[in-house]
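A.B. asks: just a sequence and a predicted model for now, questions to come.
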Amino acid sequence: MFLRRLELRQFRSYEKLSLELPVGLTALIGPNGIGKTNLVEAVAWPLLLTSVRGVPNEALVRRGAEAAVVRAEFEEPSPDGEWQGVGEARRALIESEISTRGRGRVLLNRQAGARRRDVAEVGRVTVFSPDDLVLIKGSPSDRRRLLDDALVARDPRLDSVRSDYEKVLRQRNALLRQTRGGLDQSAELTLEVWNRQLSERGDRLGTERAALVEELSPLVSAAYEELAGAKCEVVLTYDAPWRDTGLAAALNDARREELRRGVTMVGPHRDELVVSLDGMAARTHASQGEQRSLALSLRLAVHRLLTDRFGAPPLLVLDDVLSELDAQRRSALLRAVPSGQTLLTTAAELPTEIDPSAVLEVTEPGSVRWR
């Protein structure tokens, strides 16, 4: 389903906003620093329930307010790409309150208690941004997040596997910190419980990640060739040494060092996605241009994977990425992306190869108008 209407209250720079979006391409134009990316965050929020920039939820609330509200109406368009009449299409309504005072609320079709895996059933979103360079240059956690977000988008049921693993990991780390130097009988029994639960969830998460990496690798390689205009060998490798023996055995081997340090040292939370270009690690050996093309290729590969799986492309957001590309890469990206509902932001005039369905101008912080 696509995003038909978006309503905001006290979200970032937007005190109050109501937009009805077309099925095709909407261009969002305005100077840098005026609030275009704030709107991007709002568009992606209902389907992710987290900031695409990785900031805390309270940072999404307008200064001086106690809570923000995001209301998003989704609809399945007709085959000819138009919104359908009342009663003729599948619809979904996601309403969320983001509070500065603890957890907020999420309602799906007026029902409270919606979770990430619930809203992921409504639709998916792909966001390209200049910050995507961290997918290559950044820490392993940035690449793990890419994999886990793709897993949940592909199969929303896996969100519980990821979240349960993280919960058990926090409990196990707390126990290790409390018992540095030795375990009494009670702590020993508790650690055995956490080990068993962590192993069950960790083995499943590692298996799903490894399968996803194998599926993505040829898609990333093909995307890179399209974007860079050159044939290069791009290889993705899921580096998880503990999978050779299983997590239970790896935890047992690391037991003494974990007790000394007070932290869990093996498992999916320490794994790495290695991106190689022509046999060399891209993070350390690729040029800036190659790294940017690889980051775009990773996003594009996930977008295509989800398009193939569900028969329709995710909602696509291109947040000021075209200005970072030369003309050849820009044209290649626009050709490579499957057609669907798209929001494109830019501080400059649109390239000539772009023909938007609608143009939206951010005239001042918190204020937009249709051109």
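C.D. replies: Sure thing, it's come through. Numbers count the residues shown, from 1 in each chain.
A.B. asks: helix or strand with the lowest mean pLDDT in this protein?
C.D. replies: helix 327-336 (a mean of 88; mean pLDDT, DSSP states H and E).
A.B. asks: now for that one, which elements pack on it?
C.D. replies: helix 185-228, helix 288-310 (3 or more CB pairs under 8 Å, 6 or more residues apart in numbering; DSSP states H and E). C-betas here are computed from N, CA, C, even on glycine.
A.B. asks: name the residues that touch that helix?
C.D. replies: With contact meaning CB atoms under 8 Å, 6 or more residues apart in numbering, helix 327-336 is reached by 223, 226-229, 293, 296, 300, 321-322, 325, 351, 353-354.
A.B. asks: got a quick PyMOL command for the buried subset of those?
C.D. replies: Applying 16 or more other CB atoms under 10 Å to the contacts of helix 327-336, the buried members can be selected in PyMOL as follows:
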select buried, resi 223+226+227+228+293+296+300+321+322+325+354
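A.B. asks: closest to L151 among the contacts of helix 327-336?
C.D. replies: The nearest member of the contacts of helix 327-336 to L151, counting by CB to CB, is L300 at 17.4 Å.
A.B. asks: low-confidence ranges in the stretch 1-150 of the chain?
C.D. replies: Residue ranges of the stretch 1-150 of the chain with pLDDT under 70: 84-89.
A.B. asks: run the last query once more with 80
C.D. replies: 77-89, 102 (pLDDT under 80).
A.B. asks: all strands of it, in order?
C.D. replies: Ranges of strands in the stretch 1-150 of the chain, per DSSP state E, counting those that start in this stretch, are 2-11, 14-20, 25-29, 67-75, 91-99, 105-108, 111-112, 125-128.
A.B. asks: pick the most buried one from those strands.
C.D. replies: Compared across those, strand 125-128 shows the largest average neighbour count, a mean of 24 (mean count of other CB atoms under 10 Å).
A.B. asks: what does it rub up against?
C.D. replies: 40, 43-44, 47-48, 52, 296, 299, 302-303, 306, 314-319, 321.
A.B. asks: out of these, name the ones that lie in helices.
C.D. replies: The members of the contacts of strand 125-128 that map onto helices under DSSP state H are V40, V43, A44, L47, L48, L296, R299, V302, H303, L306.
A.B. asks: spatially central residue for the chain, please.
C.D. replies: D149 (4.8 Å; CA atoms, centre = their mean).
A.B. asks: excluding covalently adjacent residues, which one is nearest to it?
C.D. replies: Closest residue to D149 apart from its sequence neighbours, by CB to CB, 6 or more residues apart in numbering: L48 at 7.6 Å.
A.B. asks: ok, the one you found - how many residues close by?
C.D. replies: 18 (other CB atoms under 10 Å).
A.B. asks: ok, it - contacts?
C.D. replies: With CB under 8 Å, 6+ apart, L48 has these contacts: R116, V119, V125, D149.
A.B. asks: want to throw those residues into JSON lines with distance to P140?
C.D. replies: JSON lines is the format used below for these (distance: CB to CB, whole Å):
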{"residue": "R116", "distance to P140": "22"}
{"residue": "V119", "distance to P140": "27"}
{"residue": "V125", "distance to P140": "24"}
{"residue": "D149", "distance to P140": "15"}
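A.B. asks: what is the nearest of the contacts of helix 327-336 to S141?
C.D. replies: When the contacts of helix 327-336 are compared against S141 (criterion: CB to CB), the nearest one is L296, at 20.2 Å.
A.B. asks: touching, that closest one and L135? I think so.
C.D. replies: No - using CB atoms under 8 Å, L296 makes no contact with L135, being 9.2 Å away.
A.B. asks: quick one on the thing from earlier: can you list the strands of the stretch 1-150 of the chain in TSV and add distance to P56?
C.D. replies: As requested, these are arranged in TSV below (distance: least, CB to CB, whole Å):
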stretch	distance to P56
strand 2-11	14
strand 14-20	18
strand 25-29	25
strand 67-75	13
strand 91-99	10
strand 105-108	17
strand 111-112	23
strand 125-128	18
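A.B. asks: please identify the deepest-packed of the helices and strands packed on helix 327-336.
C.D. replies: Of these, helix 288-310 is the most buried (mean count of other CB under 10 Å), at a mean of 21.
A.B. asks: same for that one, what does it pack against?
C.D. replies: Using 3+ CB pairs under 8 Å, 6+ apart, helix 288-310 sits against strand 125-128, helix 134-137, helix 140-154, helix 185-228, strand 272-277, helix 282-285, helix 327-336.
A.B. asks: chain center to that helix, what's the gap?
C.D. replies: Its chain's C-alpha centre and that of helix 288-310 lie 12 Å apart, by CA atoms, centre = their mean, to the nearest Å.
A.B. asks: rounded mean pLDDT for it, please.
C.D. replies: For helix 288-310, the mean pLDDT works out to 95.
A.B. asks: just the angle between that helix and strand 272-277, please?
C.D. replies: 120 degrees (axes from the mean of the first three to the mean of the last three CA atoms, to 10 degrees).
A.B. asks: and the pLDDT for L322?
C.D. replies: Looking at L322, its pLDDT is 85.
A.B. asks: settle this for me: it is touching L344, isn't it.
C.D. replies: Yes - counting by CB under 8 Å, L322 touches L344, with 7.4 Å between them.
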